[in-house]
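Colleague: have a look at this prediction, sequence included:
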Amino acid sequence: QVHLVESGGGLVQVGGSLRLSCVASGETFSSVAMGWFRQAPGKERENVASISWTGTSTYIANSVKGRFTISRDNAKNTVYLQMNSLKPEDTAVYYCAASDRRYIGGAGDFGSWGQGTQVTVSS
């Protein structure tokens with residue numbers, strides 16, 4: 001398993017930006033796909049973005065398309081989520097997750113999870 005630690009969350013006003021970071025320990029980071037998920041109170045967990053092991057393929061949920069981007073730096077064992085034009089509905093706990101596969105698949109492929117970081121967008 002991969003140990004994951006997220007950072008970068010916080011309180012931001014509508015229209016603002018945040019960049020989340022997730023640092024992974026272990027030797028497998030560069031060989032697996034990574035994802036960002038979020039969960040708001042009373043709502044189901046949502047996969048907002050994923051990236052393949054080389055970073056050449058990405059998935060962005062329709063709810064954040066055009067506003068969020070995912071990237072990774074395998075030399076730093078880090079995956080990022082750049083969030084722009086934030087809306088109140090983006091308020092949630094954001095989780096980083098490591099897949100068991102190299103390429104982007106379903107949510108069930110993600111077997112390692114971080115503790116999460118809170119993002120709150122105030123209007």
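Modeller: Great, that's in hand.
Colleague: can I get stretch 47-55 in PDB, CA atoms only?
Modeller: The C-alpha trace of stretch 47-55 is given here as PDB (Å, rounded to 0.1, in the frame of the first residue of the first chain):
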ATOM      1  CA  ASN A  47     -14.300  11.200  -8.200                       C
ATOM      2  CA  VAL A  48     -13.400  14.700  -9.400                       C
ATOM      3  CA  ALA A  49     -10.100  13.900 -11.200                       C
ATOM      4  CA  SER A  50      -7.800  11.000 -12.000                       C
ATOM      5  CA  ILE A  51      -4.400  10.700 -13.800                       C
ATOM      6  CA  SER A  52      -2.600   7.800 -15.200                       C
ATOM      7  CA  TRP A  53       0.800   6.600 -14.000                       C
ATOM      8  CA  THR A  54       2.700   8.700 -16.600                       C
ATOM      9  CA  GLY A  55       0.400  11.600 -16.500                       C
END
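Colleague: what does it rub up against?
Modeller: Under the contact criterion C-beta atoms under 8 Å, 6 or more residues apart in numbering, stretch 47-55 has outside partners 30-38, 57-61, 63-64, 68-72, 74, 79, 81, 94, 99, 102-104, 107. All C-beta spots, glycine's among them, are computed from the backbone N, C-alpha and C.
Colleague: quick check, central residue of the chain?
Modeller: In the chain, the residue lying closest to the centroid (C-alpha atoms, centre = their mean) is residue 36, at 2.2 Å.
Colleague: surely it meets residue 19?
Modeller: No - contact status for residue 36 versus residue 19: not in contact, 11.4 Å apart, counting by C-beta atoms under 8 Å.
Colleague: what do these two both touch?
Modeller: residue 81.
Colleague: can you get me a residue count around the nearest residue to residue 60 once chain neighbours are set aside?
Modeller: Closest residue to residue 60 apart from its sequence neighbours, by C-beta to C-beta, 6 or more residues apart in numbering: residue 49 at 5.2 Å. For residue 49, the number of neighbouring residues by other C-beta atoms under 10 Å comes to 27.
Colleague: checking residue 49 next. Helix, strand or coil?
Modeller: Residue 49 falls in the strand class when you classify it by DSSP: H, G, I helix; E, B strand; the rest coil.
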